[in-house]
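>>> Structure of the sequence below:
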Amino acid sequence: CGQDVNFIDQSGIIFASTNPERVGTFHEIGQKAATTGNTIEVSSDNSFYGSQKGINMPVYHNQSLLAVIGITGEPDTVRKYAHLAERITNLLIREQELNQYSRRQADKKHFVIQSLIRNETDNQEYLTSCLHEFKIDLNTKKRIVLIRTNKQNPITNRSVLEQKIQQMFAQAHICLHTFNYPGDFIALTEETDFEKQNYIFKLFAKEHFDILDIAVGKPTSLFQLHISYQSAETALHSLIIS
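Here you go, the predicted structure:
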C-alpha cells in the first residue's frame, strides 16, 4: 500500500513492521486499541508516545486478539488499507490452520499404516479411533500397495513425483497412504476395489518404469496387514532380482 504497517501486541510493543527501526518499540495508541478493542485513528504525529498519524485496528481470531494492525499515514488515505490488511491477515491465519490440519491428518495416516504394517497395535484405542475417522471398515479384507523409488535412477524432482503418486491414489479412490523415508509410498486399499484399481496401478507403473516399482500385497484382514506388506516387499525384491 506504500505505507508503513506495524503489528502491535497487547502490551503495545511493535513485534513486526515494514520499518525495522520500530520493531521492539512501544506504541501507546496500539496498546489502547488492544485494551479497548476499538479502532483508533490518529490525525497528527507525536500526539501519543511512540505513535504516528494513521489507523490502528485490532484484529481478532476465535475471540482472541491476534494483533493491532497500525498503518501510518493520513487516516482518510489509509483507512481502506487497514481493512484490507485485516482481511489478508485473517486469510493467512486460516491458511495456516488448514496447513496444520493437513499435517495432523498426514501424521494420523502415517501412524495408522505404520502400526498395521509393523503389527504394532499397543495403542489400540487411538488406532481404532483413527480408522473410524478415515472411514476404514474393520471387517473387510485389504491389501497394501507399496511403491518404491528406483535407487539406480535418482529422481531429479521428488516433489513432482510425489504429486503424481498422490494424484494416482486419488484416481484409485485411496485415502489412506503415507511416505516412508527414503523412498517408499505405502497405501491401504480394499480388496473389493482391487480389481478396478489394478489397471490404474499397472498403467502408472508402466509410465514410470524407469524411476519406480509397484507391488501389491496379498489380501488379509485389517490387523494382519503386516503379512500383506511382507508379501509386497517380497514381490518388489523379486523385481530387483529379475
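>>> For the protein, just list every one of the helices.
28-36, 75-117, 124-133, 158-171, 191-207, 225-241 (DSSP state H).
>>> Please identify the most buried of these.
helix 28-36 (a mean of 20; mean count of other CB atoms under 10 Å). Every C-beta, even on glycine, is put in place using the N, C-alpha and C of the backbone.
>>> May I have that helix exported as PDB, CA atoms only?
What follows is helix 28-36, C-alpha atoms only, in PDB (Å, rounded to 0.1, in the frame of the first residue of the first chain):
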ATOM      1  CA  GLU A  28       0.800   4.000  23.100                       C
ATOM      2  CA  ILE A  29      -2.300   4.000  20.800                       C
ATOM      3  CA  GLY A  30      -1.600   0.400  19.700                       C
ATOM      4  CA  GLN A  31      -1.800  -0.600  23.400                       C
ATOM      5  CA  LYS A  32      -5.000   1.400  23.900                       C
ATOM      6  CA  ALA A  33      -6.600  -0.100  20.800                       C
ATOM      7  CA  ALA A  34      -5.700  -3.600  22.100                       C
ATOM      8  CA  THR A  35      -7.100  -2.800  25.500                       C
ATOM      9  CA  THR A  36     -10.400  -1.300  24.400                       C
END
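>>> who does that helix touch, helix- and strand-wise?
Packed against helix 28-36 by the contact rule (3 or more CB pairs under 8 Å, 6 or more residues apart in numbering; DSSP states H and E) you find strand 5-8, strand 40-42, strand 54-61, strand 64-72.
>>> one step back: next, format the helices of the chain as TSV and append distance to Ile144 and mean pLDDT.
As requested, these are exported to TSV (distance: least, CB to CB, whole Å; pLDDT from 0 to 100):
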stretch	distance to Ile144	mean pLDDT
helix 28-36	53	91
helix 75-117	6	86
helix 124-133	15	91
helix 158-171	13	86
helix 191-207	11	93
helix 225-241	4	88
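>>> Tabulate these in TSV, adding columns for distance to Val5.
Shown next, in TSV, are the helices of the chain (distance: least, CB to CB, whole Å):
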stretch	distance to Val5
helix 28-36	12
helix 75-117	6
helix 124-133	40
helix 158-171	32
helix 191-207	48
helix 225-241	53
